[in-house]
Every structure is written in structure tokens, then in C-alpha cells.
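**Q** need coordinates for the following:
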Amino acid sequence: MERHPVQDNERQLKYITVKERNHTELSSEIWKEVREEEAFYNLVSEGIIQARSISDGKGLLSSSCHVGHAVLGQYCIKVEEKVPGALDALSSKIPENNKKTHFSSSAEVSEINTESYIREFLQLVKVYISQGREFFYSKSSRTGSLAGGKINTTKTIQLRARGMGHILAFEQQEISYSTEFNYLIYRTLLEAKKLCQSLNLPSEIIFLIRRQIMSFSDNHNETLLNRKISFYIDTASRLLLKRKSKTKHRILELSKLLLSGLSTSKTPTNNTIAQGAWFYNLETLFEEATRNCLFIEGNLKAIKGSDKEEFLLKNDQASLYRLNPDYVIIDSNSSVIAVGDAKYKNLKPTPSNSDVYQLLIHSQCFESKIAFLIYPGDNLSIKKLGKTKNGIITLMITVRVQNLLDDCQAALLAINRLKGGASPNTNQ
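**A** I've put the predicted structure just below:
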């Protein structure tokens, strides 16, 4: 796998090394110097590292699931895999054209003409707005002295019984712009504004972005804004598979491109992350790599949860609450056999309550009787956690990243046996 080395011919770099999901203590002198670098705050704001002051003016640097390195002045922060070779092992199971989703570098956005892409995106969004944004009709219950829709006789009688004979209850049809496409544009505009500020692009572009953000103000939703950028990248990929006009199709392509470049870091200005700095997100790598290895030729395979049109709610707002488990195991007839989630983190004896709750909700909505969580581990282990009241069998699986294909296929064989009533427990 190609990596971009840190090049610095003018000075000798001093390395600060930390393992993924671990921490290291910085002396007061080093802590002071790295905090003077703008790139340091870029790394913190994007969640690649965390940092805080401790006693005696020292600092504590903590890493996340990202591995790679970045230059901060005379120092190079280097985040290494906890399991040696994990990055190469995981990336070998992913097609080359998909790797950019998990990769970010200071050169990544600058290699493309970011300004021209943003200008093109803004021009296409302007055309889209002028043609009329996507919308749908939704019903809402209203009351008033004048009916603005179909009268609800039952509720009107109830109001009269309470002495409010002058009030009518009715259902009113309203136009809603709460579609996935509009939410995607709104999120892309917000992220493009941040990118313009970090790149010091002309203020006129920021002005145009702000003006278009106002046109999508009715798409402001705190719950959706808190979603990871990867959620919107997946949404753009899925919508690209559907038939769209040329304008909408190009908007989706540009949204995916801009958001992919922002997935884990932003291009800094001047003296921030040096050319050649890079980071890979092992969490998303683990998810995609295991999904690619979960197959039995001609029998079972794993797909993304978003590939199945399933929603948590069955109403006008359903599209906002799409079910998106990491894996849906289907057979040759596309029938759902099992539902699973990837958890790239240290397994503490048993999975957390929140992980199991989320998994079981997904399984119930997909009408699956088998649910599983996959963790990285030192050996292959398949254990049955239990069975819910409505009959969902829950498994905890650990796989070796260095032996991913064999372990994932062994796990899938165990799930297949479980479907037939055999015991799934395996330890190697």
C-alpha cells in the first residue's frame, strides 16, 4: 500500500510516538511548542488526537482510531497501530478505489482544484434552487376557528364537549423539504464553508455559501448535523445509484468528493500539516475489510445495511431514520439471515449495553433471528451471549486482523450452522 513519507530536508524532526487508542505525556517545553502550531488544533478538532494540560505545565496526548503522522513545527506526531501490521492487513482487503474514504492527508485536498469544485457546486445548487427544491406533502393536525383542511369530526366533537364550540379540528397538508437530497446539500454547504475558511479562499465564495445556506435553513436538524460525515458520504453514494437529472447527479458527485476530502482532516493553511502527512481511520477500515471477508461463495454474503431499504419509522419522516447496521448477511435469495455491527475497540469481557441495544433494534427491524458483534482480538472466538424474548440469538465474535479472511469465513460458517440449530461456540 502506497504511503506518503514525511519529507523535511531543512531540519531534523523530533518524533512523538503514541500507539492508537493510547496516550503519552509531553514535557512542558514540547507541550508549549506543539500548541503554537495551527495544525495541532486541526488534528484535535477533527478527533484524530485529543490533548489536555496536566500538572507542572505538561501535556497529555491521546490518540484515537487513526494511525499516521503529521509535522508540527520541529516535531512529528506519529500514531502507530497497536497490532503491528494491522493497517496493511486491513487495507489489503479493500479495493484500491475505496481506500480514499478512509484516508486523509494535507496534500489530498490541495491536489485537486478545491476552489473550482466549490464554485461548480455552488453554481449547480443555484440552478437546483431556481428549478424548485425536492419536496413532499405531509399531514399535520391543526385546530382553529377556520378549517384549513379536512375536518376531523371526532376531535371537533371532543373540543365542543369541552366548551370550545368555536374551534374546529382539521388535518392540513403541508409542503416539507425534509428530503435526503436537501439534507445532503445543506451539510455539504456547512462543511464547504469551513474548508474555505481553513484554505483562506476568497471571501466572495464564503458569502455565496452563506447565502445558499439560508435557502436551506428549513433543513437545519441538530440530530442529523451530529451525524458523522461518513453517513453523508454513504448517502451520496446510495443516491447516485438512483436515476437523477444531470444537475442532481453532478451535485451528488461533488458532495461526495468534497465530503470525502473532509472525512478525517482538513487542508490547513501555510505552516500547519506539512506536505505528505497522512492518517488512516482503522475503525472504518476494519468495518469495510470484515464486510468484504464475510462471504460463502454462492451461499451467503454481507452487504451494507444502507443497501436495504429499511427504516426505523413508517411515516412521512421515515427517510430521516434509515436503518444502517454495518452488516446484513443475506443468502442467495436475498433473504436476511443475520445482522451485525463492527466494533473496532478493546473488548471488555462483554459488549457494552449501548452496543447490544443498537444491534438488537437493527435485528428486530430487519426481522433477523441472529445478531452479532465483531471485535478485533488475539484469536478467533465465537460466543453466544444469549437469546432475547422475541427469539433473537446474539453472538460476540473476535477475529484476528492478520488472519481476517479465514476468521470471518469461519464466523459466517458458524452463523450458518446456528441457523440450522447447531452450537456456534468456537475458540481458536
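**Q** shaky segments in the stretch 101-250 of the chain?
**A** Where the stretch 101-250 of the chain drops to pLDDT under 70, the residues are 101-113, 198-199, 243.
**Q** return the backbone torsion pair for the closest residue to residue 27 other than its chain neighbours.
**A** Ranked by C-beta to C-beta, 6 or more residues apart in numbering and with sequence neighbours excluded, the top spatial neighbour of residue 27 is residue 58, at 6.2 Å. Using the backbone N, CA and C atoms, a C-beta is placed for each residue, glycine as well. Note on residue 58: backbone dihedrals following degrees, to the nearest 10 are phi -80, psi 170.
**Q** repeat that for residue 27.
**A** Torsion angles, degrees, to the nearest 10, at residue 27: phi -70, psi 160.
**Q** what does residue 81 give?
**A** Dihedral angles (degrees, to the nearest 10) for residue 81: phi -70, psi 140.
**Q** rewinding a little: in contact with the residue nearest to residue 27, which residues?
**A** 25, 26, 27, 28, 31 (C-beta atoms under 8 Å, 6 or more residues apart in numbering).
**Q** any idea of the pLDDT on it?
**A** On pLDDT, residue 58 comes in at 93.
**Q** again with residue 63
**A** 90.
**Q** quick check: bridge partners of it?
**A** Note on residue 63: beta-bridge partners residue 49, judged by DSSP bridges.
**Q** surely it touches residue 22?
**A** Yes: counting by C-beta atoms under 8 Å, residue 22 is a contact partner of residue 63 at 5.9 Å.
**Q** stretch 335-353 - what's its average pLDDT?
**A** 88.
**Q** quick check: residue 233 is in a helix.
**A** Yes: assessed with DSSP: H, G, I helix; E, B strand; the rest coil, residue 233 lies in a helix.
**Q** can I assume it is in contact with residue 256?
**A** Yes: in this structure residue 233 lies within contact range of residue 256 using C-beta under 8 Å: 5.8 Å.
**Q** circling back: neighbour count winner among residue 63 and residue 22?
**A** residue 63 (23 against 12; other C-beta atoms under 10 Å).
**Q** what's the distance between that one and residue 54?
**A** Residue 63 sits 16 Å away from residue 54, going by C-beta to C-beta, to the nearest Å.
**Q** can I assume residue 210 sits in a strand?
**A** No: under three-state DSSP, residue 210 falls outside any strand and is assigned helix.
**Q** list the contacts of it.
**A** Contacts of residue 210 (C-beta under 8 Å, 6+ apart): residue 193.
**Q** do that again at 10 Å, thanks
**A** Residue 210 makes contacts with 189, 193, as judged by C-beta atoms under 10 Å, 6 or more residues apart in numbering.
**Q** for the residue minimising distance to the centre of the chain, pull up the helix or strand it's in.
**A** For the chain, the residue nearest the mean C-alpha position is residue 230 (3.1 Å; C-alpha atoms, centre = their mean). Here residue 230, judged by DSSP states H and E, is contained in helix 229-240.
**Q** circling back: show the buried residues in the contacts of residue 58.
**A** 26, 31 (16 or more other C-beta atoms under 10 Å).
**Q** let's have the contacts of residue 58 in JSON lines, adding pLDDT.
**A** JSON lines is the format used below for those (pLDDT from 0 to 100):
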{"residue": "25", "pLDDT": "93"}
{"residue": "26", "pLDDT": "93"}
{"residue": "27", "pLDDT": "93"}
{"residue": "28", "pLDDT": "92"}
{"residue": "31", "pLDDT": "92"}
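**Q** give the bridge partners for residue 141, please.
**A** residue 171.
**Q** same check, this time on residue 279
**A** Bridge pairing for residue 279 - DSSP bridges - gives residue 68, residue 104.
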